[in-house]
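Asker: Curious how this folds, go ahead:
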Amino acid sequence: MARLVLFNTRTLRKEGFEPLEPGHARIYTCGPTVYAPQHIGNLRSQLFPDLLKRALLWLGFRVTHVVNITDVGHLTDDADAGEDKLERAARERGRHASEIAAEYAGQWRRDRARVGCREPEVLCRATEHIPEQIEFARALEQKGYAYRISDGLYFDTAKFTRYAEFARLDLVGQQTGGRIDDVADKRAPWDFALWKFAAPGVRRQQEWDSPWGRGFPGWHLECSAMSCKYLGKTFDIHTGGVDHIKVHHSNEIAQSECAFDVHPWVNFWLHGEFLVFEQQKMAKSVGNVLLLDDLAARGCTPLAFRYFFLQAHYRQQQSVSDEALTAAGVGYRRLAEHAFELRDAEGDAPREHTEPFAQRFRAAILDDLNAPRALAVAWDVVRNRSLSAAERRALLLDFDRILGLRLVNDEPEGSVLEHDPRIDVLVAEREAARRRRDFAEADRIRDLLAAEGVSVEDTAAGPRWRRR
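Answerer: Sure, this is the predicted structure:
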């Protein structure tokens, strides 16, 4: 049987996936920093591991998926400079950081569900795992990988000779490599904080006692401590955005491999590309964000946004525009309506008829989760009249286990099919005329509707109308 092949950032090549524990795939996904509303770029970073999880389940694996919520420790610079994003948001809005975190974590979870993402087996918050993070940092200190300065406890990257390998960093020629280095006592610009001390005279909302003094955990420490708690000291797959490769994930690898004396800490690293909006990466720091609720005016419902995501490979940048979102909305609704018409189809679906389509779909998914090719197969199925309705229904039900578009059995979300009592009556009268073979009357009503910009489609489930 062909294996799932994934592009591994660690090796820069496609590799056949085999889990460390036979039959059980363990995945960790970097989740949101919940200091502001979560935008559709944040959702794209969840859609691709959801596609991965669905594929693994479809292939028969048991999956343990862990997703974190960062509600402390992520500074305004991804390295160790600036202010904690939650603390700054709390100060600016006159609210408690925990309230802000709860609000935007809730919004993220609701939006995640609306775009069809399955719930993770574990959803963990950084603030609920402070003891684990302290113990992790103590282990590194005891092994000689950490040093203390006035600003906090730092990881000594010089002690980890493979530090530059994962991101192919040129540490000699890079100077600070884009990392803001305003911590004077750091031994090297790329050394990173395990535990940060609260600034003298500043009382933070979120700080804890530790062996080194009162403060808060470093952003990178959180993911290592939580992933090992739920997945073990080594696991199969770590996912995140491409922006995490050079700093966050390089630092996770360094501290984890040193703490556990393992290599590799994670077998497969998968990274999703950005959404591009207004010619820039969509980001809260840039200010060019769209929320899921903003898409309704563009004719793009939550599941239509999932359809939009499936139109590009997760390793490709994807450009957002009104035209692209509107087209995705139309494309999703047409596919969903075709599928919904098959909901009552009965009869056998002989494998010799369906297998060619199933093989093409499977080949697309096995090839590094090639969603655009898989989606194209789904369209071929709904358009292929050599397949019976029952055969098309069986194939779409199977495909949708991965596509996650709620095809066949659910009423199409945000359907372009409308409801207006007056139009409904006219459509019913036209259908009655057709059944009694009064085609002149049926044509008269059709022309009347057309003059109002209404088109009628005769389907196996009965007539359906929409405004053009």
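Asker: Look up phi and psi at the spatially closest residue to residue 430 that is not a sequence neighbour.
Answerer: Beyond its immediate neighbours in the sequence, the residue positioned closest to residue 430 (Cβ to Cβ, 6 or more residues apart in numbering) is residue 445, lying 4.0 Å away. For the C-beta atoms, the positions are set from N, CA and C on the backbone; glycine is no exception. The phi and psi torsions at residue 445 (degrees, to the nearest 10) take the values phi -70, psi -40.
Asker: ok, residues contacting stretch 4-20?
Answerer: Residues from elsewhere that reach stretch 4-20 (Cβ atoms under 8 Å, 6 or more residues apart in numbering): 3, 25-26, 52, 55-56, 59, 61, 166, 234-237, 245, 264, 266-271, 315, 365-369.
Asker: how does this structure divide up, domain by domain?
Answerer: 5-276, 291-403, 421-467 (automatic domain parsing).
Asker: Can you add mean pLDDT and give the ones you listed back as a markdown table?
Answerer: Compiled in a markdown table, the domains of the chain are given as follows (pLDDT from 0 to 100):
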| stretch | mean pLDDT |
| --- | --- |
| domain 5-276 | 92 |
| domain 291-403 | 93 |
| domain 421-467 | 80 |
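Asker: how deep is residue 18 tucked in, by neighbour count?
Answerer: Here the count is done by other Cβ atoms under 10 Å, and residue 18 has 12 residues near it.
Asker: er, residue 152 actually
Answerer: If you count neighbours by other Cβ under 10 Å, residue 152 ends up with 26.
Asker: ok, it touching residue 212?
Answerer: Yes: with contact defined as Cβ atoms under 8 Å, residue 152 reaches residue 212; the gap is 7.2 Å.
Asker: Please identify every residue contacting each of the two.
Answerer: Common contacts of residue 152 and residue 212 (Cβ under 8 Å, 6+ apart): 195, 197.
Asker: The stretch 101-250 of the chain: strands as residue ranges?
Answerer: For the stretch 101-250 of the chain, applying DSSP state E, counting those that start in this stretch gives strands covering 122-125, 146-149, 152-155, 192-197, 215-217, 235-241.
Asker: now these in CSV, with distance to residue 66?
Answerer: Below are the strands of the stretch 101-250 of the chain laid out as CSV (distance: least, Cβ to Cβ, whole Å):
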stretch, distance to residue 66
strand 122-125, 4
strand 146-149, 25
strand 152-155, 22
strand 192-197, 21
strand 215-217, 17
strand 235-241, 9
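Asker: Would you tell me which of those strands gets closest to residue 97?
Answerer: Closest to residue 97 of these, according to Cβ to Cβ: strand 215-217, at 10.6 Å.
Asker: That closest one: how far from the chain's middle?
Answerer: How far strand 215-217 lies from its chain's middle: 28 Å, per Cα atoms, centre = their mean, to the nearest Å.
Asker: re the thing from before, ok, which of the strands of the stretch 101-250 of the chain comes nearest residue 45?
Answerer: In terms of Cβ to Cβ, the element of these nearest to residue 45 is strand 235-241, at 5.1 Å.
Asker: CA atoms only for that closest one - export them in PDB, please.
Answerer: Extracted in PDB, the C-alpha atoms of strand 235-241 (Å, rounded to 0.1, in the frame of the first residue of the first chain):
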ATOM      1  CA  PHE A 235       7.000  12.500  18.500                       C
ATOM      2  CA  ASP A 236       6.000  12.300  14.900                       C
ATOM      3  CA  ILE A 237       4.900  15.700  13.400                       C
ATOM      4  CA  HIS A 238       5.200  19.300  14.400                       C
ATOM      5  CA  THR A 239       3.300  21.900  12.300                       C
ATOM      6  CA  GLY A 240       3.300  25.700  12.100                       C
ATOM      7  CA  GLY A 241       3.800  28.600   9.800                       C
END
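Asker: Kindly check the end-to-end length of stretch 379-396 for me.
Answerer: With Cα to Cα, to the nearest Å applied, stretch 379-396 spans 9 Å between its terminal residues.
Asker: From the contacts of stretch 4-20, which land in strands?
Answerer: Applying DSSP state E to those, the entries found in strands are 25-26, 235-237, 266-271.
Asker: quick one: which of the strands of the stretch 101-250 of the chain is nearest residue 251?
Answerer: Set against residue 251 and scored by Cβ to Cβ, the strands of the stretch 101-250 of the chain come closest in strand 192-197, at 4.9 Å.
Asker: Direction included, what does the closest one pair up with?
Answerer: For strand 192-197, sheet partners with direction are given as strand 152-155 (antiparallel), strand 215-217 (antiparallel), following DSSP bridges.
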